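Asks: My questions concern the predicted model and sequence given below.
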Amino acid sequence: MLTKRIIACLDVRDGRVVKGVQFVDLVDAGDPAELAARHAAAGADEIVLLDITATHENRGTLLSTVQRAAQRLFVPFTVGGGIRTAEEAAAVFDAGADKVSINSAALARPDLIGEIGSKFGAQAVIVAIDARRVSGRPISEAEVFVAGGRKPTGRRAVEWAREAESRGAGEILLTSMDADGTRAGFDCELTAAVSAAVQIPVIASGGAGTAQHFAQVFREGRADAALAAGIFHFGVADVRTLKAELVHARIPVRYPC
Amino acid sequence: MIAVVDYKAGNLTSVMKALRAVGADPVLTEDPAQVARAEKIILPGVGHFAATQYLDHRGLKSEIRRKIAAGAPFLGICVGLQWLFAGSTEAPDCVGLAAFPEICERFAPGRKIPHVGWNSLAIQPNSRIFSGIPDGSFVYFTHAYRAPVTQATVAVTDYGGPFTAAVERGNVMGVQFHPEKSGEAGLQILRNFLNFSSPELPAC
């Protein structure tokens, strides 16, 4: 049976893993390569590295970080943050990534999805969507934000997910900005709305705090995978413990791992 | 020498890295002459079945066919497994190696496609490629087309119905999943392939 994936995410700034609450207040959480290896050994089904500085000057730092992390990883490895062209994606693949995650650049120029996909395959392109609910409006009108959650786009998350799929995205990484960093649970309603709108897998992100939250987003949110960062880094829950609890909750996961 | 055949379909960094991690010294090549000198051949590949046409155009297909006939162990990964079959409905005009006569088809609608993630293997006893790997082990898949279960199938996975996760016949092997991305089980599969020695061939 196809299992639900547990994905450990490393938010990296200037070569160090950091974690913020609702995209601000960053705290240092360690070395990316070491943390990636530790999460994989603990049973993470996949590792995502998001470069949140993504300034031009630091691209070299990112590529060497990716290379170092990839060296010890034999599970799928996704890299995102500041990838604007198929050439930049190619450099990240060369450094050892299996998939790239694109966000603002795909919104600015949706052809980028197909450009990367035609060269590296659709399975290598994840379109990341940062979305926020609009007060008083139905979930289908949740809005897409870019620039680390600072800039509204006027686009609806559900529609954009559908367009990304039609342009050849292999997966959607959906982050609820309302839930991100709160550890109060994923936005299951938003995840379910996007998951129902597309045929490709949807990775839920934002709000992970307990095993119960993961079980909820797999059941009610119809997520294919769920991603978390902060709860793993500081040892609040390691992946193995989380998976043992999910087995108990009758969620199919890769376990023992 | 292990030749990893590059036919310009996707990213082969991970396959090379995993092979080095299990002690091999693989050579990435699109040169039929280099394939001719190889002891073992790996055909990786992610992406579209049509990309395999490159093998025909470069003269790689006939060289691989010759090497297989001469007993060289061959491992196809993902599209590389599908290429061992007669063809795929993904690219009806492209002909595979046809080591197995069946045709690969897209998963039936009714569930998420592509099939992405870790799924379990029902492994046939005595399979050499799965030596030391427990039945029920999880491996990582990402594909929208799949091969049917055939006489050569040595591992079956279920996704809306059974399909071929691995084939094995003589020196020809193929896996639909990605051993280079399947943790310790995947590395063990690559080790098994590296340790595989050709069956005795009749003198001709």
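Replies: Yep, it's here. None of these values were measured; they are calculated from a predicted model.
Asks: who touches the most centrally placed residue in chain A in this structure?
Replies: Ranked by distance to the mean C-alpha position of chain A (Cα atoms, centre = their mean), the top residue is A:L173 at 4.9 Å. Residues in contact with A:L173 (Cβ atoms under 8 Å, 6 or more residues apart in numbering or on different chains) are A:48, A:80, A:101, A:126-129, A:203, A:205, A:227. To be clear about C-beta, it is placed using only N, CA and C from the backbone, and glycine gets the same treatment.
Asks: so where's chain A shaky on pLDDT?
Replies: Along chain A, the parts satisfying pLDDT under 70 run over A:20-27, A:54-58, A:234-236.
Asks: what do you get for chain B?
Replies: Residues of chain B that meet the cut-off, pLDDT under 70, sit at B:198-204.
Asks: Residue of chain A nearest chain B, please.
Replies: A:G121 (3.7 Å; Cβ to the nearest Cβ).
Asks: any idea how far A:G96 is from that residue?
Replies: As judged by Cβ to Cβ, to the nearest Å, A:G121 and A:G96 stand 16 Å apart.
Asks: just B:H178 next, same as before
Replies: 14 Å.
Asks: for A:A229, same thing?
Replies: Counting by Cβ to Cβ - A:A229 and A:G96 are separated by 20 Å.
Asks: More neighbours: these two, which one.
Replies: A:A229 (25 against 22; other Cβ atoms under 10 Å in any protein chain shown).
Asks: residues touching the closest residue to the more buried one other than its chain neighbours, list them.
Replies: Counting by Cβ to Cβ, 6 or more residues apart in numbering or on different chains, A:C9 is the residue found nearest to A:A229 once chain neighbours are left out, at 4.2 Å. Neighbouring residues of A:C9 by Cβ under 8 Å, 6+ apart: A:47-50, A:205, A:227-229.
Asks: A:V198 now?
Replies: Counting by Cβ under 8 Å, 6+ apart, A:V198 touches A:161-162, A:164-165, A:172.
Asks: which two from those end up farthest apart in space?
Replies: Maximum pairwise distance among those (Cβ to Cβ): 9.6 Å, between A:R162 and A:I172.
Asks: Show me which of those two is the more surrounded one.
Replies: A count of neighbours by other Cβ under 10 Å puts A:I172 above the other of A:R162 and A:I172, at 26 against 16.
Asks: Which strand or helix spans the more buried one?
Replies: strand A:171-176 (DSSP states H and E).
Asks: Tell me the secondary structure of residue 18, please.
Replies: In the absence of a named chain, this looks at chain A. Taken by DSSP: H, G, I helix; E, B strand; the rest coil, the conformation at A:V18 corresponds to strand.
Asks: sorry, should have said chain B
Replies: Classification of B:A18 using three-state DSSP returns helix.
Asks: didn't it look like it was pressed against B:S182?
Replies: No: counting by Cβ atoms under 8 Å, B:A18 sits too far from B:S182 to count as a contact (9.2 Å).
Asks: which ones are touching residue 140?
Replies: No chain specified, so I'll use chain A. A:156, A:158, A:193.
Asks: could you do chain B instead?
Replies: Taking Cβ under 8 Å, 6+ apart as the criterion, B:Y140 is in contact with A:45, A:75-76, B:117-118, B:177-178, B:181-183, B:186.
Asks: Same check on B:E90?
Replies: B:E90 neighbours (Cβ under 8 Å, 6+ apart): B:48-50, B:104, B:106, B:144-145.
Asks: Narrow these to those in strands?
Replies: Using DSSP state E, B:104, B:106, B:145 are the members of these that sit in strands.
Asks: How far off centre is stretch A:175-189?
Replies: Its chain's average C-alpha position is 13 Å from that of stretch A:175-189, according to Cα atoms, centre = their mean, to the nearest Å.
Asks: name the element the residue nearest to A:A229 belongs to?
Replies: strand A:5-13.
Asks: Which neighbours in the sheet does that strand have, and how are they oriented?
Replies: Looking at strand A:5-13 with DSSP bridges, its partner strands are strand A:16-21 (antiparallel), strand A:46-51 (parallel), strand A:225-228 (parallel).
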